[in-house]
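A.B. asks: With the input below, show me the fold.
(chains A and B)
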Amino acid sequence: MDGATRQWETVVVPLGAFAAGMLVFGAFCATMGVNPLAVYASIWKAGFGSWYSWQNTLVRASPLLLCGLCTSLPARAGVIVIGNEGAVVVGGLGAIAAGLATLSFPPWICLTAMGLASMVCGGLWIAVSVALQHYRGVSAVISGLLLNYLAIALMNQLIEGPLRDPSSLNNPASYPLTADHRLAYFDGTHVHHGLLFGVAACLAAWFLLERTTFGFSMKISGGNVRAARLVGLPVGRIVVTAAFLGGACAGLAGMVEVAAVHGRANESLNAGYGYVGILVAFLSRQSPLAIVAVSLLVGGLLASGGMLQRAHDLPDAAITVLQGILFLFILLSDTLYGRLRFPGAKQDAITS
Amino acid sequence: MQLPPEGLGGWGILVALAGGAMRGSIPYMFVSLGECLTEKSGKINLGMEGVLLMGAMTAFGVSDLTGSPWLGVLAAALAGLLLGAMHAWMTQQPAVNDVAAGIAMILFGSGLAFFFGKKFVAPMAPQLPLIELGRWSHVPAVESALRISPLFFVGIATGFLLHWVFTRTRWGLNIRAVGDDPQAARALAINVNGVRFIAITLGGALAAVGGAHLTLYFPGIWSEGISGGQGLMAVALVIFARWSPRRCLAAALLFGGAQALGPSLQSLGVNGYYHLFNASPYLLTLAVMVATCSSKRSLAGMPGALGKK
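C.D. replies: Predicted structure coming up:
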């Protein structure tokens, strides 16, 4: 297949699948008695219609950037990781523990400690599940999902036990960070600096994959394990390291939620960003740069949940239905690769 | 959750655990049997969590609207049938990843369940009639612990029926052949895609009946957290049970018992680690998988084509 067709495909197929998913969601809304065009207009308005709604979108996009990488980096090395939610939660827990322990130090030390602790916790969480698959044959998909529930149990235990702020009565939460030890906001907005972490992580991941030897060996392990072994690559170490890096990103997302959005650890850590991150990774076809664009798109969709409820009386789960439909269409579109014909592109000669 | 009987001491805990195992095992039982049927045909359906939630919501809604809990169970099975058929069709398209499709089905199924379930949050639907196994005892606590949902017996019977189908019928032989070696099955003129479609679809229907138990049994309310990952654990449980329907029944009882452990201990006054005890089924699943799996060889009893495109 020639290069032009291939480049066209990677743009046309996901966009087509996205459009088809939106159409089906419109039909779903229509059968619920809501005008689909009005629903599209609301999603646009709530996600991208004004500077204010852009800020809401950006706030939601920043954890998605990091959670998308958690699936996408290991995927390039050949493992499907879906334990993102657990990594976000343990990352947030690590961050709050480190933050509370270093409150007496200057803010930059405290924030650095929080960032590092969250990345180590999240990274180990995912690395363990992938190492279990590589060395023990336990499916990383299943262990990842189980670890999600364990992480949530751990969080409940900690915020109702050792970390509990006695003043949080009905809604258990940890002790709060002091105001000057929280992550700052961009001037005049409610967008926090966590967005920078997300964008920087995506750029770094792109650099790692496309410009370093390690990234190259990751892609070889992901492309063909036997070939990688035959040329002497330490596949196990590569795969587990990729998983650690991905998990570190998700852990950092937990730190951002704790240090910027909530200022403490509570049940909102388990808000589903991890699961949406899987969707982001698949929508962007595991490419770090595409994650930036896709996170904005999906962040906008998430931001419009409240609007759909207020303007059209649709339950907030409508956005979950939309995500499910989009995900299904993206996966179905995988079957189209290599089957499409584009005008102007040369046809392949039949060789095999 | 019922408290263990007072005045029975340690025996009280045992009775409560046995009762809890019989109650708590039902969703595991149906989902793992459904997943077992699916995986025997060589495909995996990770979306059972979504199916379970759809089953729970549908059963609740239909039971509430019609006043008949059995119609609710039937409607749940139909909803599971539809979701199963969707998954079956999707995963048979070339180049579509089974595992990712399962995750998408979890999102889609739970989204639909929460969407339509929004209006059912408050009231209680008509419940399935219970079967009293504790008539012999005069201790009320024992009687209440042994008040069992009829779905428990349906589940046990289904497990043995599946075992009979797999080992003694042409249908079962076809499913196993397709799951072990699709190429060889095709050479024998078995319609591979057709058999898989039927197995995955029926598997979805079975799993959804497990969901019906969640809402049609005490306390009988619908809430979004009702399944708590049981659909996912049941997928792991099939591996633990080595793809045997009868071992699925035993494993489901074990998991049901593990689930009853936290509340039982809490009633004894041990409540310092409440959340961690509640997480014991997840930990148990993980431990069992680490202990039984190996990267060197495939597991005994594993369908040959499982996980291969």
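
A.B. asks: use CA for all of it now, contacts and neighbours both
C.D. replies: Fine.

A.B. asks: For the stretch 251-352 of chain A, which residue gets nearest to chain B?
C.D. replies: residue A:324 (4.0 Å; CA to the nearest CA).

A.B. asks: Tell me how many other residues crowd that residue.
C.D. replies: Residues near residue A:324, counting by other CA atoms under 10 Å in any protein chain shown, number 27.

A.B. asks: ok, it - contacts?
C.D. replies: Neighbouring residues of residue A:324 by CA atoms under 8 Å, 6 or more residues apart in numbering or on different chains: B:104-109, B:111.

A.B. asks: among these, which are within reach of chain A?
C.D. replies: B:104-109, B:111 (CA under 8 Å from any CA of the partner chain).

A.B. asks: rewinding a little: taking the contacts of residue A:324 as a set, which two sit the farthest apart in space?
C.D. replies: Farthest apart among the contacts of residue A:324 by CA to CA are B:104 and B:111. That separation is 10.4 Å.

A.B. asks: okay, and for the stretch 201-309 of chain B, where does confidence drop off?
C.D. replies: Scanning the stretch 201-309 of chain B with the threshold set as pLDDT under 70 gives B:267-272, B:297-298, B:308-309.

A.B. asks: Enumerate the residues of chain A near chain B.
C.D. replies: In this structure, chain A approaches chain B at residues A:132-138, A:141-143, A:145-147, A:149-150, A:153-154, A:156-157, A:315-325, A:327-328, A:331-332, A:334-335, judged by CA under 8 Å from any CA.

A.B. asks: can you map out the helices along the chain?
C.D. replies: All of this is about chain A. Counting by DSSP state H, one finds helices in chain A at the ranges A:3-31, A:36-48, A:51-76, A:84-101, A:107-136, A:140-160, A:194-211, A:213-223, A:225-230, A:235-256, A:273-283, A:288-303, A:305-312, A:318-333.

A.B. asks: oops, I was thinking of chain B
C.D. replies: B:10-40, B:48-66, B:69-91, B:98-117, B:140-145, B:150-168, B:170-180, B:182-187, B:192-215, B:230-240, B:245-267, B:274-278, B:280-292.

A.B. asks: quick one: average confidence on the third one?
C.D. replies: The reference is to helix B:69-91. The average pLDDT for helix B:69-91 rounds to 95.

A.B. asks: Tell me the confidence at whichever residue of the stretch 101-250 of chain A sits closest to chain B?
C.D. replies: At 4.0 Å from chain B, residue A:137 is the closest residue in the stretch 101-250 of chain A, using CA to the nearest CA. pLDDT, residue A:137: 85.

A.B. asks: Please report phi then psi for it.
C.D. replies: The phi/psi pair for residue A:137 (degrees, to the nearest 10) reads phi 80, psi 20.

A.B. asks: I figured it hits residue B:292, correct?
C.D. replies: No: assessed by CA atoms under 8 Å, residue A:137 is found out of contact with residue B:292, at 9.2 Å.

A.B. asks: So between the two, which is more surrounded?
C.D. replies: residue A:137 (20 against 14).

A.B. asks: Can you give me every residue that contacts the more buried one?
C.D. replies: With contacts defined as CA under 8 Å, 6+ apart, the neighbours of residue A:137 are B:293-296.
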